[in-house]
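Trainee: structural data only, the sequence is not supplied:
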């Protein structure tokens, strides 16, 4: 199909990031075909939380995963640069990507444990491994709870050294998360989103209003705006590069 042709085109590119976009192209074409053929939505059907194993997961499937039913996921194909891997990190779902043929169908229904830190999947783990995995998970939860306690406190080391802990944003809607997590400021406002989301050069006034809103929302905290970073994988037709 046309979708497969474009997907192969991306997969054969030299750049690892662009190779990762092959799955996105396939995802969009499959979703279009599904809608046109009235195939309906698919999802995880399970009585209890499971580890999802698949040849690959596309971004639209990943984003629709019900976190109450999915403990983790593992795929045969894909890469750390794929949107699926990026989404898994954002959604806080442990995932191991690109296991290859080692992820066999006969493991379906078996007990398994996934270590997202090391990229390891344990099939039918023994008692000792399960104990180690459980302890590792609890330690990670403890660390996250400790980090929550730092909200509202000054960023200073035990030796008294003050440090700036800033957040990066891509657009105006990201500011909510910055404020929620009590960042000291914005270290990088990726200004290219204004251009990527527009069909023509944004006017000076349009840019000013966005920057003004971010600065006002940050209420006196430092906001560093990057000058336009465009080109490579971020192409905009109207630039005529």
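Mentor: Sure thing, it's come through. Quick caveat: nothing in here was measured; it's all calculated off a predicted structure. Numbering: from 1, shown residues only.
Trainee: contact partners of the longest helix anywhere in the chain?
Mentor: Longest among the helix segments of the chain by residue count, using DSSP state H, is helix 127-148. The contact list for helix 127-148, computed with CB atoms under 8 Å, 6 or more residues apart in numbering, reads 113, 115, 117, 122, 125. Backbone N, C-alpha and C define where each C-beta goes, glycine included.
Trainee: how about a cut-off of 6 Å?
Mentor: 113, 122 (CB atoms under 6 Å, 6 or more residues apart in numbering).
Trainee: tell me the buried residues in that helix?
Mentor: Neighbour-count burial for helix 127-148, counted by 16 or more other CB atoms under 10 Å, picks out residue 133.
Trainee: elements contacting the next helix or strand along the chain from that helix?
Mentor: Downstream of helix 127-148, the first helix or strand assigned by DSSP states H and E is strand 167-169. With contacts taken as 3 or more CB pairs under 6 Å, 6 or more residues apart in numbering; DSSP states H and E, strand 167-169 sits against strand 186-190.
Trainee: any idea of the mean pLDDT for the strand it packs on?
Mentor: Mean pLDDT, strand 186-190: 92.
Trainee: now stretch 78-95
Mentor: Mean predicted confidence for stretch 78-95 is 78.
Trainee: residue boundaries of the strands in the chain?
Mentor: With DSSP state E as the criterion, the chain has strands at 50-54, 70-75, 95-96, 112-115, 120-123, 167-169, 186-190, 223-226.
Trainee: tell me the strands beside the longest one, with direction?
Mentor: Strand 70-75 sits in its sheet next to strand 50-54 (parallel), strand 95-96 (parallel), going by DSSP bridges.
Trainee: ok, the residue nearest to residue 186 when sequence neighbours are not counted - contacts?
Mentor: With CB to CB, 6 or more residues apart in numbering as the criterion, residue 186 has its nearest non-adjacent residue at 4.5 Å, and that residue is residue 223. When the contact criterion is CB under 6 Å, 6+ apart, the partners of residue 223 are 186, 214-215.
Trainee: got a markdown table for those, with distance to residue 202 and neighbour count too?
Mentor: Shown next, in a markdown table, are the contacts of residue 223 (distance: CB to CB, whole Å; neighbours: other CB atoms under 10 Å):
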| residue | distance to residue 202 | neighbour count |
| --- | --- | --- |
| 186 | 19 | 22 |
| 214 | 15 | 19 |
| 215 | 17 | 16 |
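Trainee: tabulate those residues (a markdown table), appending distance to residue 164.
Mentor: Below are those laid out as a markdown table (distance: CB to CB, whole Å):
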| residue | distance to residue 164 |
| --- | --- |
| 186 | 11 |
| 214 | 17 |
| 215 | 17 |
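Trainee: neighbours of residue 111, just the number please.
Mentor: 11 (other CB atoms under 10 Å).
Trainee: from residue 104, how far out is the residue nearest to it when sequence neighbours are not counted?
Mentor: In space, and not counting its chain neighbours, residue 111 is closest to residue 124: 5.6 Å by CB to CB, 6+ apart. According to CB to CB, to the nearest Å, residue 124 stands 13 Å off from residue 104.
Trainee: what number of residues lie near residue 89?
Mentor: Using other CB under 10 Å as the criterion, the residues surrounding residue 89 number 12.
Trainee: that one and residue 32, how far apart?
Mentor: Counting by CB to CB - residue 89 and residue 32 are separated by 27 Å.
Trainee: tell me the domain ranges of the protein?
Mentor: 2-133, 167-239 (the TED database).
Trainee: mind putting those in a markdown table, distance to residue 147 included?
Mentor: Converted to a markdown table, the domains of the chain look like this (distance: least, CB to CB, whole Å):
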| stretch | distance to residue 147 |
| --- | --- |
| domain 2-133 | 13 |
| domain 167-239 | 9 |
